[in-house]
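Novice: build me a model from this:
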Amino acid sequence: MFNFKANTSSRVFALKPTTLAVAIASVFALSACTEELGYSGDYADQSADVDTSGSTSTSTDTEDTTTSAENETPEQVILKIGHGFGDTFEQNQLLVGQLALKPGDETLVSVSIVDEQNQPWIGSESNAATVSFYSNCSSLGLSGFSESSVEITGGLAKTNYMPVTCYGADRLYATTEINGVRYTATNDVEIASEDAISLGFASIDRSQLMIQGMGGTDTAIVKFQMMGEFGNPMAGEKVSFTLTQDVAGAQIVEGYETATTNSEGFVTTKVRSGNGPATLVVVASHEETEIRGMSESIVVSTGLPVQSALSMSVEAYNPVNAYNKNGITDGITVHLADQQGNAIPDGTQINFVTPESGQFWEQCTIANGACNVTWISSSPRPVNGRLTIMAFTDGQEDFVDNNGNTYFDEGDDWFPNGQWVDVNNNNMIDGNDIYYRPQDIGEAYVDEDESGSYDLGEFFVDRNSNGLRDAADGAWSGPCHPSIRNNISLCGSDHYVNIWDSSVIALSTPFAQLLSTPLTSHATPATLGAGEAFIVSGVNIGDSNENNLPAGSTIFFEIDVLNDDGGEIKLSSDKPFTVPNSPNAVRGYAGSAIVSKASENGNGSAIMRLKTATTGTDGLEQTLAQWSLSF
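Specialist: Numbers count the residues shown, from 1 in each chain. The predicted structure is shown next:
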């Protein structure tokens, strides 16, 4: 792992003149001593000799005086820094395995600490030391060392150096401090320059922008990366930015027209939407080589969701045993788009309510045009086992964008009560025509009784806090574009409205029942001849609340032959019917039994049964009806 942490602190290195200081101190001490003993004369005639025993002898022309080492500080061991040992030692110079490099290369760097005889310095636990490695480029984050701090072992410390986006000369340093003395060794490497070969799109913080003035986000940050021929990021390169086309006033934000790549080769710009819909692409150009890169597309639209483009889907409209058990979960998904079908900006909040039963633990925000939540069964539970959940958010009413500028203005159509449009102008409604649902909407509400309209006491979102559920107001509602904001006839209601969708869920029980008496082709007990069929039709089956059985349950007929007496009777089909994912009970199911061969003496007999197998109940089967047949 290479350490590329920049170190911008100033470094001043100086070798301490220790030996000189000791010598000067000795001279002054010796001078004072000889004066006390009555000696005189020029000190230049005296000499000081250091021997290996640690004692010091001083001599004059008349007598020798010896001072015990017990009263003297031993002279400090003199060390040196460089590379090699013995006769090969070179002082103050780093050993670098490869002096000519290119970005991405890796080379060994080592340094030696030796004594006066150029032998390895061996520290101790109380006198250990480490070597710090750095370089001019590593201080700027442009190169690195595998280890920047290395303990001296056997007089040696080593690491690996690697240039990343450093070019030209780079001076490498190794420093250590031992017994208060700092030692430094250096060496220079030469790093080959790298030619840029690509300028690629890296990221964008949002791929959808709102038209300026519509109240949403209208800028995006676009990032590119420049790479060199050796596969390394290119730092310090100047890049300029433009859009592929000038459309609807979109532009590169002032001050972001040019930028310089950073140490990782990245460079960013900012783009702003204009006053109309557009698809924007940013072009980055390297000024030196004219290499270019293009961004992903940025869609500019109103960014405002419309009522018709909010849709809810439910994982199970008849979740298994949700009426009888708490904690049964059901996935809910909402999709949302604007007037043109573009996904709205990520982060748009969707709110959910379930006033009749169950709970939502959280709301959700749109990501890539959709969001998901989980409904969880809990009390209270409606007597009929049915509930309505609703999702709502801020948006605008629909309109027909006749001029294609994505926002409501003069010349557009708006159908408050809904309308058929005779597309082919043949003065009749046919398959080529379009029906627009009512586009004038009131405050969102939960249709708890499924009547199709608001009834007093049902939950509603009181957007204006007036304590009443307000119906449609007869005017187009939504944030107005600046071009019509002063036109009262077009922009009489310059504000968001609640758009919503709802779904009915049946809290299914595992217990099946017939909701009506099935119809049969013969009165029972029935006697059938060869080739004759007994038909059962009009089978309507629901759970104990007359809702649908849990999704995945099955309904089927079976026939139990008691005595065939040489005859044969069988079901026309023994394939079961699977209960669909729907809150509503199964209606209109049918089946039949056919005699393919009559019994020899007319004594054949069988029983035909109508049965259900409920999913999620460990194989619970129920017989709902049976018929006696003779053949």
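Novice: which residue sits closest to Asp560, ignoring its sequence neighbours?
Specialist: Using Cβ to Cβ, 6 or more residues apart in numbering and skipping the chain neighbours, the partner closest in space to Asp560 is Ile607 (4.7 Å). For the C-beta atoms, the positions are set from N, CA and C on the backbone; glycine is no exception.
Novice: in the helix or strand that contains that neighbour, what counts as buried?
Specialist: Assessed by DSSP states H and E, Ile607 sits inside strand 605-614. The neighbour-count check on strand 605-614 (16 or more other Cβ atoms under 10 Å) flags Ser605, Ala606, Met608, Leu610, Lys611, Thr612, Ala613, Thr614 as buried.
Novice: the fourth one pairs with what?
Specialist: Yep, that's Leu610 we're talking about. Beta bridges link Leu610 to Phe557, Ala625, judged by DSSP bridges.
Novice: is it true that it touches Ser537?
Specialist: No. Contact between Leu610 and Ser537 fails when scored by Cβ atoms under 8 Å: they sit 11.4 Å apart.
Novice: mind listing the shared neighbours of these two?
Specialist: When contacts are counted by Cβ atoms under 8 Å, 6 or more residues apart in numbering, Leu610 and Ser537 are jointly contacted by Pro518.
Novice: so which residue is smack in the middle of the chain?
Specialist: Ala367 (9.8 Å; Cα atoms, centre = their mean).
Novice: now that residue: how far from Ile344?
Specialist: Taking Cβ to Cβ, to the nearest Å as the measure, Ala367 falls 11 Å from Ile344.
Novice: is it true that Arg381 touches Asn326?
Specialist: No. Taking contacts as Cβ under 8 Å, Arg381 lies outside contact range of Asn326: 9.8 Å.
Novice: more crowded one of these two?
Specialist: Taking other Cβ atoms under 10 Å, Arg381 and Asn326 do not tie; Arg381 has more neighbours (19 against 12).
Novice: please name the nearest non-neighbouring residue to the more buried one.
Specialist: Spatial nearest neighbour of Arg381, excluding adjacent residues (Cβ to Cβ, 6+ apart): Ser357 at 4.9 Å.
Novice: before we move on, what about Leu99?
Specialist: Among residues not flanking Leu99 along the chain, Val189 sits closest, at 5.2 Å (Cβ to Cβ, 6+ apart).
Novice: what's the neighbour count on the one you found?
Specialist: Using other Cβ under 10 Å, Val189 is surrounded by 25 other residues.
Novice: which element, helix or strand, includes it?
Specialist: Per DSSP H and E: strand 181-191 holds Val189.
Novice: now the helix or strand following that strand, how far from the chain's geometric center?
Specialist: Following strand 181-191 in sequence order, the next helix or strand is strand 196-204 (DSSP H and E). Centre-to-centre, strand 196-204 and its host chain are 21 Å apart (Cα atoms, centre = their mean, to the nearest Å).
Novice: stretch 611-622 too?
Specialist: The answer for stretch 611-622 is 42 Å, by Cα atoms, centre = their mean.
Novice: need the CA coordinates for it. CSV is fine.
Specialist: The C-alpha coordinates for stretch 611-622 follow below in CSV (Å, rounded to 0.1, in the frame of the first residue of the first chain):
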residue,chain,number,x,y,z
LYS,A,611,-62.9,-28.2,-3.9
THR,A,612,-60.4,-25.5,-2.9
ALA,A,613,-56.8,-25.7,-1.7
THR,A,614,-55.7,-22.5,0.1
THR,A,615,-52.2,-21.4,-0.2
GLY,A,616,-50.2,-20.6,2.9
THR,A,617,-52.2,-23.0,5.1
ASP,A,618,-50.1,-26.2,4.9
GLY,A,619,-52.3,-27.8,2.4
LEU,A,620,-55.8,-26.9,3.7
GLU,A,621,-58.4,-28.4,1.3
GLN,A,622,-62.1,-27.8,1.5
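Novice: how about the contacts made by Arg382?
Specialist: For residue 382 the amino acid is Pro, not Arg. Counting by Cβ under 8 Å, 6+ apart, Pro382 has contacts Glu356, Ser357, Leu507.
Novice: looking at those residues, state which has the most neighbours.
Specialist: For the contacts of Pro382, the largest neighbour count, defined by other Cβ under 10 Å, is 28 neighbours, found at Leu507.
Novice: hang on, that residue packs against Ser379?
Specialist: No. Taking contacts as Cβ under 8 Å, Leu507 lies outside contact range of Ser379: 11.0 Å.
Novice: shared neighbours, the two?
Specialist: Both Leu507 and Ser379 are in contact with Ser357, where contact means Cβ under 8 Å, 6+ apart.
Novice: just to revisit the earlier point, the strand holding Ile607 packs against which elements?
Specialist: With contacts taken as 3 or more Cβ pairs under 8 Å, 6 or more residues apart in numbering; DSSP states H and E, strand 605-614 sits against strand 533-543, strand 554-563, strand 586-597, strand 620-630.
Novice: what average pLDDT does that strand get?
Specialist: Strand 605-614 carries an average pLDDT of 94.
Novice: quick one: it to strand 554-563, angle?
Specialist: Put simply, strand 605-614 runs at 160 degrees to strand 554-563, going by axes from the mean of the first three to the mean of the last three Cα atoms, to 10 degrees.
Novice: how far does strand 605-614 sit from the chain's center?
Specialist: Centroid separation for strand 605-614 versus its chain: 53 Å, with Cα atoms, centre = their mean.
Novice: can you list the neighbours in contact with that strand?
Specialist: By Cβ under 8 Å, 6+ apart, the residues outside strand 605-614 that reach it are 510-512, 518, 534, 536, 539, 541, 549-550, 553-563, 569, 571, 576, 591, 593, 619-631.
Novice: could you rerun that using 6 Å?
Specialist: 510, 512, 553-563, 569, 593, 620-630 (Cβ atoms under 6 Å, 6 or more residues apart in numbering).
Novice: same question for stretch 223-238.
Specialist: 102-104, 165, 194-203, 260-261, 263-268, 284, 287, 293.
Novice: derive a ChimeraX selection command for the buried subset of those.
Specialist: Under the burial definition 16+ other Cβ under 10 Å, those of these that qualify are selected in ChimeraX by:
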select :102,103,165,194,196,198,199,201,202,261,263,264,265,266,267,268,284,293
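Novice: perfect, that will be all.
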